[in-house]
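Enquirer: Output the structure for:
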Amino acid sequence: MGKRKVGILAECVCDLPKSLLNRYGVDILYFLVETESGIFTDSDEITAENVIYYLDNSGGKMRSSPPPPDVYYRTFTKNLKRYDELILVAISSEISASCKNAREAANMMGADGKRVHIFDSQHLSTGLGLLVLHAAELADEGCDCERILSELDELKKHVSTSFIARNADYLYRNGRVVSAFVKKVCTAFRIHPVLAMKNGTLKVKRIIFGNYDSACRSYIRHELKGERGIDRRLGFITHAGCSVKMLRSITSEAEKYDRFDELTITNASATISGNCGPGTFGILYIKNSR
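Expert: Next up is the predicted model:
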């Protein structure tokens with residue numbers, strides 16, 4: 001067999017199950033999770049459950065980061081033996097140095113680096129994953145890089161990436177989304193923040209008061225009820241440390257609106273989970289642009 005023309009690469013923060021990644025032959029790069037106990041490879045050496053347990057029981061801190069340039073370099077070099085060109089569908093450059101590190105690696109490769117294309121998804125988690133899957137489908141059909149990148153550039157405008165968090169504690173710990181004042185207010189008034197990606201940045205979209213179970217139902221209803229433009233083919237429920245009982249309740253509520261031919265539950269990576277906290281989940285999908 002000869003080379004496939006275009007290979008698709010992704011990062012573990014796309015939160016896609018291995019079955020989907022294996023179906024399309026998508027190679028994964030793993031983020032690093034640093035705690036007071038050491039530095040671990042996300043998914044391989046540390047899971048979301050490990051991170052949440054550590055943060056809840058030790059009072060310690062966690063920091064996540066993308067692979068350094070040399071890891072991207074080795075991954076690109078390995079995959080160029082199988083493909084003519086590569087596309088890395090990367091987490092938003094506004095919230096990670098992933099794109100920067102990947103571009104640095106490509107620049108180190110000389111002429112071969114011109115065969116590597118870094119696509120800034122402006123999303124994370126399975127919002128990013130939806131773009132990875134679309135790129136992989138196009139590559140599987142034999143599309144060239146130019147067409148794949150062009151379609152991704154348009155599609156990213158129509159991906160809905162949002163989450164509801166039980167509280168603002170973890171969001172405050174990472175220092176990127178909420179301030180100490182916002183955290184204090186959320187705790188005092190039992191406020192549950194809803195977060196969404198906008199222009200590549202994770203922002204507080206709205207807040208919901210009261211009991212978390214009812215807040216979750218409100219979030220799902222707001223995302224799905226009356227939303228006519230949803231691409232029905234595939235949606236994701238992506239969660240961090242939700243119980244089986246809670247996931248059943250979430251799925252049951254989402255299915256009331258009959259929006260998806262396939263609604264897949266996925267676990268958030270250690271990187272994503274450690275930055276949002278247990279009980280966080282999102283409904284992620286594509287809005288029709290056609």
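Enquirer: C-alpha from now on. contacts and neighbour counts both.
Expert: Fine.
Enquirer: Check what pLDDT C99 gets.
Expert: With respect to pLDDT, C99 has a value of 98.
Enquirer: isn't there a strand covering it?
Expert: No. If the criterion is DSSP: H, G, I helix; E, B strand; the rest coil, then C99 is helix and not within a strand.
Enquirer: So, low pLDDT: which residues of the stretch 1-150 of the chain?
Expert: 1-4, 59 (pLDDT under 70).
Enquirer: Quick one: the helices in it, in order.
Expert: 18-24, 48-58, 69-79, 98-107, 125-140, 145-155 (DSSP state H, counting those that start in this stretch).
Enquirer: Which stretch among the ones you listed is buried most, on average?
Expert: Comparing those by mean neighbour count (mean count of other CA atoms under 10 Å), helix 125-140 comes out on top with a mean of 24.
Enquirer: for that helix, packing partners?
Expert: strand 4-11, helix 18-24, strand 83-90, helix 145-155, strand 159-160, strand 235-240, strand 280-286 (3 or more CA pairs under 8 Å, 6 or more residues apart in numbering; DSSP states H and E).
Enquirer: Let's have the ones you listed in TSV, adding distance to A111.
Expert: Shown next, in TSV, are the helices and strands packed on helix 125-140 (distance: least, CA to CA, whole Å):
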stretch	distance to A111
strand 4-11	17
helix 18-24	27
strand 83-90	12
helix 145-155	17
strand 159-160	34
strand 235-240	39
strand 280-286	36
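Enquirer: wait, which of the ones you listed is closest to K61?
Expert: strand 235-240 (17.4 Å; CA to CA).
Enquirer: relative to helix 125-140, how tilted is the closest one?
Expert: On the basis of axes from the mean of the first three to the mean of the last three CA atoms, to 10 degrees, strand 235-240 is oriented at 130 degrees to helix 125-140.
Enquirer: May I see the buried residues of the next helix or strand after strand 235-240?
Expert: Per DSSP states H and E, the first helix or strand lying C-terminal to strand 235-240 is helix 244-255. Buried residues in helix 244-255, defined by neighbour count with 16 or more other CA atoms under 10 Å: 247, 250-251, 253-254.
Enquirer: S64 is nearest to which of the helices and strands packed on helix 125-140?
Expert: Comparing the helices and strands packed on helix 125-140 under CA to CA, the one sitting nearest is strand 4-11, at 13.0 Å.
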